[in-house]
Structures are given as structure tokens and as C-alpha cells.
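Q: give me a 3D structure for the following:
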Amino acid sequence: MVRHWEENLEELLVFLEYPEPIRSYIYTTNQLERLIKEVKRRAKVIEVFCEPGALRKVVYLVLRGLEERYPSRKLRGFEELVEEGLLSFGHT
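A: Prediction:
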């Protein structure tokens, strides 16, 4: 583990280049964990999948549902950073 950190330290710490208020959104795995939990919750109620692609359909439907909800979500501190010009996305 130590060798991995030593060899990849620059890549592992790239999130430090971003403003402090949004760093936790970059390095955390909370969103991924939430996605996995939701897929498990939905798949658990299905006792038998009728075909190999059935679970793939469940994952797709979960992702679609999350995609519809995300545009209305706000990340705390993100909008203020954009307004202050501290975040840039290649727009001029």
C-alpha cells in the first residue's frame, strides 16, 4: 500500500488543486456507494431473473431514475464557486 501511495502520490492528491468547499465531492465515494445500495435494494425483491440481461435492465432503470433526479440537486458551495470564477469548465 505504501509503495502504491509513493508511486501515485501526484494522482492521488490532484483533488487538492480544487477549492476546499468542493474537495469532498471529488474524493468521496458516497455517490457510488449510494448507487450500489439502490441497485441491491431493487434487485433484492426480484427472486429470480428470467434471463442474463434482466439484472442489467434493473441497473439501467435505477440509473435512469437517478439521472432524472440529479438536475434538481444542488451541491453545497458549488454555485458560489462558479459565480466567483473559482471554477472553470473551459467556457470563455
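
Q: quick one, helices of this structure?
A: In the chain, helices defined by DSSP state H lie at 2-12, 20-27, 30-44, 54-69, 78-83, listed in chain order.

Q: the last one packs against which elements?
A: The reference is to helix 78-83. Contact analysis of helix 78-83 by 3 or more Cβ pairs under 8 Å, 6 or more residues apart in numbering; DSSP states H and E lists helix 20-27 as its packing neighbours. C-betas here are computed from N, CA, C, even on glycine.

Q: residue ranges with poor pLDDT in this protein?
A: Low-confidence segments of the chain, defined by pLDDT under 70: 75, 86-92.

Q: how close does the residue nearest to the spatial centre of it get to residue 47?
A: The geometric centre of the chain, computed from its C-alpha atoms, lies nearest to residue 31 (Cα atoms, centre = their mean), at 4.2 Å. When distances are taken as Cβ to Cβ, to the nearest Å, residue 31 and residue 47 turn out to be 29 Å apart.

Q: one more: residue 81?
A: Residue 81 is 47 Å from residue 47, where distance means Cβ to Cβ.

Q: ok, now residue 53?
A: Separation of residue 53 from residue 47 (Cβ to Cβ): 17 Å.

Q: same thing with residue 23?
A: In this view, residue 23 and residue 47 are 42 Å apart by Cβ to Cβ.

Q: what about these two, which has more around it?
A: residue 23 (13 against 5; other Cβ atoms under 10 Å).

Q: measure how buried the residue lying closest to the more buried one once chain neighbours are set aside is and give me the count.
A: In this structure, residue 23 finds its nearest non-sequential neighbour in residue 15, 5.3 Å apart by Cβ to Cβ, 6 or more residues apart in numbering. Other residues lying near residue 15 total 14 when counted by other Cβ under 10 Å.

Q: which ones are touching residue 15?
A: By Cβ atoms under 8 Å, 6 or more residues apart in numbering, the contact list for residue 15 reads 23, 26, 27.
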